[in-house]
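Novice: Please find the sequence and the predicted model below.
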Amino acid sequence: MQDFDLRDLDAFVAVARTRNFRRAALEQRVSVSSLSQRLRDMEERLGVRLMNRTTRSVSLTEAGELLLARVAPAMVNVADAITEVRGLRAEPSGRLRINAPPPAVDLVLAPMIAPFLARYPQVDLDLVAESAFVDIVAQGFDAGVRYGEHLAQDMVAVPLGAPQRYAVVASSDYVAKHGRPMHPKDLLAHACIRSRFSNGVMFDWEFEKNGRVVKISPPAKLTATHLGLALRAVHDGVGYWATFEGYIRYGVKSGALVSVLDDWCLPFDGPFLYYPSRRQPPPALAAFVSFVADWRKQARRKK
């Protein structure tokens with residue numbers, strides 16, 4: 001053990017867990033080259049190869065699998081012990097890693113960030129925005145943000161904000177030229193802007209009125225993975241776009257965009273912050289949970 005320290009083992013576990021040097025380097029806050037060199041040095045000291053590396057993939061050798069199986073649980077215990085000790089400090093500190101879908105980041109979390117960091121200056125926030133569902137524990141996140149239907153039962157869930165709703169909009173010019181749909185299925189005859197998730201999935205557009213649910217898959221004049229592109233396209237008159245109301249509220253208020261089928265777009269619960277129930281939350285996460293509760297109280301008072 002004299003030839004190794006916790007940084008060696010932590011680096012190995014990070015690469016073994018992510019199977020990706022670049023992602024592991026970001027987690028470790030080091031360069032890819034220094035992380036790779038650390039693991040090469042570790043292999044030389046052990047006298048065995050732990051990983052097989054190619055330009056596109058990383059896989060564990062038999063020795064690597066054995067080391068990961070024995071070391072990974074121990075590193076979790078070490079991290080938990082450090083978290084508990086840090087919890088004795090009066091001021092929450094350390095890094096807080098949160099994974100969240102882009103709409104939750106843009107419309108719910110973004111206004112909280114500066115006030116939260118001002119209240120807890122010893123906390124460093126690492127907020128990753130991505131649409132794909134991830135295992136927050138396996139990927140090294142302290143917490144995630146998702147909507148209620150996608151939450152695992154063994155997670156603690158904390159509501160982040162008020163109910164939200166989708167809206168279907170087009171530019172005023174497009175509506176003047178091509179008309180306004182009176183029923184969701186009328187959209188099948190229009191040019192539409194569709195969103196594709198990073199995993200390639202495009203969800204149907206779902207509407208509900210008086211207990212009746214209608215799902216459609218409208219023709220995509222434009223398919224975009226970037227919300228900024230879709231927003232620009234709807235303003236430029238490409239077609240109808242179904243998105244979170246928060247993205248288009250000001251466009252509708254200004255008259256640049258026209259909202260349609262409002263009576264078919266019902267509110268739904270906003271996103272939830274979630275984290276594992278079997279572990280004590282780190283001080284930085286506990287501080288954020290408390291901050292969110294205060295933030296929601298203030299929001300209710302303003303209404």
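Specialist: Great, that's in hand. Note that this is a predicted model, so its numbers are computed, not measured.
Novice: For the stretch 101-250 of the chain, just list every one of the helices.
Specialist: Here the stretch 101-250 of the chain has its helices, by DSSP state H, counting those that start in this stretch, at 102-104, 110-119, 172-178, 227-235, 245-254.
Novice: And those helices: which comes nearest residue 37?
Specialist: Among the helices of the stretch 101-250 of the chain, the nearest to residue 37 by CB to CB is helix 110-119 (33.2 Å). For glycine as for every other residue, the C-beta is placed from the backbone atoms N, C-alpha and C.
Novice: what ranges of the stretch 51-200 of the chain fall below the confidence cut-off?
Specialist: For the stretch 51-200 of the chain, the stretches flagged by pLDDT under 70 are 55, 83-90, 149-150.
Novice: any idea how far residue 121 is from the nearest residue to residue 122 once chain neighbours are set aside?
Specialist: Once flanking residues are discounted, residue 122 sits nearest to residue 93: 3.6 Å by CB to CB, 6 or more residues apart in numbering. According to CB to CB, to the nearest Å, residue 93 stands 9 Å off from residue 121.
Novice: what do you get for residue 244?
Specialist: 31 Å.
Novice: now residue 291
Specialist: Residue 291 is 13 Å from residue 121, where distance means CB to CB.
Novice: Please identify which of those two sits among more neighbours.
Specialist: residue 291 (18 against 10; other CB atoms under 10 Å).
Novice: picking that back up, hmm, residue 283 and the residue nearest to residue 122 touching each other?
Specialist: Yes - between residue 93 and residue 283 there is a contact at 7.0 Å, judged by CB atoms under 8 Å.
Novice: Who has more neighbours out of these two?
Specialist: Each of residue 93 and residue 283 has its neighbours counted (other CB under 10 Å); residue 283 has more, 23 against 16.
Novice: Could you check how far the more buried one is from residue 108?
Specialist: Per CB to CB, residue 283 is found 23 Å from residue 108.
Novice: what does residue 187 give?
Specialist: 27 Å.
Novice: same deal with residue 73?
Specialist: Distance, residue 73 to residue 108, by CB to CB: 34 Å.
Novice: before we move on, what about residue 253?
Specialist: With CB to CB as the criterion, residue 253 and residue 108 are 20 Å apart.
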